[in-house]
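Peer 1: Here is my input, please return the structure:
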Amino acid sequence: MKPNTLEPMIECILNPFISAEREAPDFASVEQVKAVKIFHQSLPGYVSTPLVKLSECAARLGIDALMVKDESQRFGLKAFKVLGASYAIAKEIQQQLGLDDEEINFDAIAAHSNALKSLTFVTATDGNHGRAVAWCAEQFGCKAVVFMPKGTSQFRLEAIRSHGARAEITELNYDETVLFSAQQAKKNAWVLLQDSSWEGYKTVPKHIMQGYFSLVSEFEDQTMAWPTHVLAQAGVGSFAASIFSYFLASPKPTPKLILVEPTGAACYFNSIHIGDGKPHLTKELNTMMAGLSCGQPSILAWDIIKSNCDVFVVCQDQVAIKGMQLLANPASNDAVVISGESGAVPVGLVDEVCTNQKYSLVKESLKFDSGSKILVFSTEGDTDPKVYKQLVKL
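Peer 2: This next block holds a predicted model:
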């Protein structure tokens, strides 16, 4: 899809529904964070992804720190999604085989490989989640079927097939593809592994959200710094709700929690703007940020985000491109971060808000100042290398 190359446009609204007594959901406990961490450390090839401190960039922007959790190197898959998919698949296998909680680790599950051969997981994806499911199925000895929305790149399709999964691009948009996958799961007795949730489908998405806790537990192991601001991107919202839940559960001061969406796929921003406190479908999706191009909020994520997010922000595609270019070509001593369009948008947002007087009111709403320690997550690397090269060289 051709990106919108108009002057970057950014809008924000303060959350009118924020709870006076903010709290983490029940599934975000210290014990659960530890269990997820132990599971991920058991996976073949597990290493923590880098935490990159962009000191030169922060100084230029007039903030104290800009910290980037770089997910481009996660298990060689170039995206964070495998953290959620792997844990959710392990929990499903636990249920299917009747394993104890102590057996939620790779070696214990792999010992039952013969029993897993007939197990098939199915999902809808723009690319990253589907590749994660395919990789996990390959590791555990299961099967995977992946349906992708229209407009998906051939490269992302082949990346999923490289792990032995059956994968195809549909003629449907993302939300329609999710419904189609759910229908196929029911028809074929497959296990639906979707990171969105709806009435009657919450357990798997909850486990996926718990899997994402490892991003922040790694962050805590990597630095003594604690953020004043946390920016999280939203598609269906599971990632952002997970990250926010971790910080809400921490005994440390809760940072300012900021949700970031593409203007062309802003299902949270649009729902908050409607003002009735309910999630609404955004039917027309128009953004190059494929990983965030979702029209229906996950109801599990909606409840968490609606009650706890401080500010909702939307950005045009050009803001993501700016972020990609800034991370690919950093100032002097800052490290290079390879970040795709869905991963780089928070960095583009911070830069634009801090340097463009046009957004002084947005900056004031976000409370960016010289004391700000901002944490962002570069959720993907160059998951489509051809697109990446085109955009960072603009």
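Peer 1: So Val230, which state does it fall into?
Peer 2: Following DSSP: H, G, I helix; E, B strand; the rest coil, the label given to Val230 is strand.
Peer 1: if I look at it, how far off is Asn308?
Peer 2: In this view, Val230 and Asn308 are 11 Å apart by Cβ to Cβ, to the nearest Å. For every residue, glycine as well, the C-beta is placed using N, CA and C.
Peer 1: which of the two has more neighbours?
Peer 2: Taking neighbours as other Cβ atoms under 10 Å, Val230 and Asn308 compare with Val230 leading, 26 against 22.
Peer 1: Mark out where each domain of this structure begins and ends.
Peer 2: 10-79+214-392, 99-194 (automatic domain parsing).
Peer 1: Can you tell me which of those domains is nearest to Ser86?
Peer 2: domain 99-194 (4.9 Å; Cβ to Cβ).
Peer 1: How far does that closest one stretch from one end to the other?
Peer 2: One end of domain 99-194 sits 22 Å from the other (Cα to Cα, to the nearest Å).
Peer 1: returning to that earlier point: overlap in contacts, Val230 and Asn308.
Peer 2: Listed contacts common to Val230 and Asn308 are 244, 257; contacts here mean Cβ atoms under 8 Å, 6 or more residues apart in numbering.
Peer 1: show me the contacts for Asp221.
Peer 2: Ser48.
Peer 1: Which strand or helix spans it?
Peer 2: helix 213-222 (DSSP states H and E).
Peer 1: re the thing from before, got the domains of the chain as JSON lines, with distance to Ile93 and mean pLDDT columns?
Peer 2: Putting the domains of the chain into JSON lines (distance: least, Cβ to Cβ, whole Å; pLDDT from 0 to 100) gives the following:
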{"stretch": "domain 10-79+214-392", "distance to Ile93": "12", "mean pLDDT": "97"}
{"stretch": "domain 99-194", "distance to Ile93": "6", "mean pLDDT": "95"}
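Peer 1: Could you dump the ones you listed into CSV and include distance to Tyr201?
Peer 2: What follows is the domains of the chain, written out as CSV (distance: least, Cβ to Cβ, whole Å):
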stretch, distance to Tyr201
domain 10-79+214-392, 9
domain 99-194, 7
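Peer 1: thinking Ala35 is in contact with Asp101, fair?
Peer 2: Yes: counting by Cβ atoms under 8 Å, Asp101 is a contact partner of Ala35 at 7.3 Å.
Peer 1: who has more neighbours, the two?
Peer 2: Ala35 (17 against 8).
Peer 1: could you measure the more buried one against Gly84, distance?
Peer 2: For Ala35 relative to Gly84 (Cβ to Cβ), the value is 14 Å.
Peer 1: same question, Glu380
Peer 2: Distance, Glu380 to Gly84, by Cβ to Cβ: 14 Å.
Peer 1: So which residues of this protein form strands?
Peer 2: For the chain, the strands defined by DSSP state E cover 10-14, 51-53, 65-70, 120-124, 143-148, 166-169, 191-192, 229-233, 256-262, 311-315, 373-378.
Peer 1: buried set for stretch 127-140?
Peer 2: 127-137, 139-140 (16 or more other Cβ atoms under 10 Å).
Peer 1: Same check on stretch 142-151?
Peer 2: 142-149.
Peer 1: Count the neighbours of Lys393 for me.
Peer 2: 9.
Peer 1: scratch that, Ile104
Peer 2: Ile104 has 19 nearby residues by other Cβ under 10 Å.
Peer 1: just Phe244 next, same as before
Peer 2: Phe244: 30 neighbours (other Cβ under 10 Å).
Peer 1: Please apply the same query to Pro16.
Peer 2: By other Cβ under 10 Å, 10 other residues sit near Pro16.
Peer 1: With Lys117 instead?
Peer 2: Applying other Cβ under 10 Å, we find 11 residues neighbouring Lys117.
Peer 1: My guess is it contacts Phe140. True?
Peer 2: No: counting by Cβ under 8 Å, Lys117 does not reach Phe140; the two are 10.0 Å apart.
Peer 1: now the strands of the chain in CSV, with distance to Lys367?
Peer 2: Converted to CSV, the strands of the chain look like this (distance: least, Cβ to Cβ, whole Å):
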stretch, distance to Lys367
strand 10-14, 11
strand 51-53, 21
strand 65-70, 15
strand 120-124, 37
strand 143-148, 39
strand 166-169, 42
strand 191-192, 40
strand 229-233, 8
strand 256-262, 6
strand 311-315, 9
strand 373-378, 11
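Peer 1: ok, and what's touching stretch 185-195?
Peer 2: Stretch 185-195 has contacts (Cβ under 8 Å, 6+ apart) with 81, 84-85, 88-89, 92, 119-124, 129, 133, 145, 178, 181-182, 184, 201, 204-205, 208-209, 236, 238-239, 298.
Peer 1: Spit out the contact partners of the spatially most central residue of the chain.
Peer 2: Centroid-nearest residue in the chain, with Cα atoms, centre = their mean: Phe239, separated by 4.2 Å. Under the criterion of Cβ under 8 Å, 6+ apart, the neighbours of Phe239 are 80, 84, 195, 209, 212, 232-233, 377, 379.
Peer 1: what sits opposite Leu14 in the beta ladder?
Peer 2: As for beta bridges, Leu14 partners with Val311 under DSSP bridges.
Peer 1: so Tyr246 makes contact with Ala28?
Peer 2: Yes: counting by Cβ under 8 Å, Ala28 is a contact partner of Tyr246 at 6.2 Å.
Peer 1: residues shared between the contacts of these two?
Peer 2: Residues touching both Tyr246 and Ala28 by Cβ under 8 Å, 6+ apart: Phe213.
Peer 1: rewinding a little: in CSV: the buried residues of stretch 142-151, plus distance to Gln390.
Peer 2: Formatted as CSV, the buried residues of stretch 142-151 follow (distance: Cβ to Cβ, whole Å):
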residue, distance to Gln390
Cys142, 36
Lys143, 35
Ala144, 30
Val145, 31
Val146, 25
Phe147, 27
Met148, 21
Pro149, 21
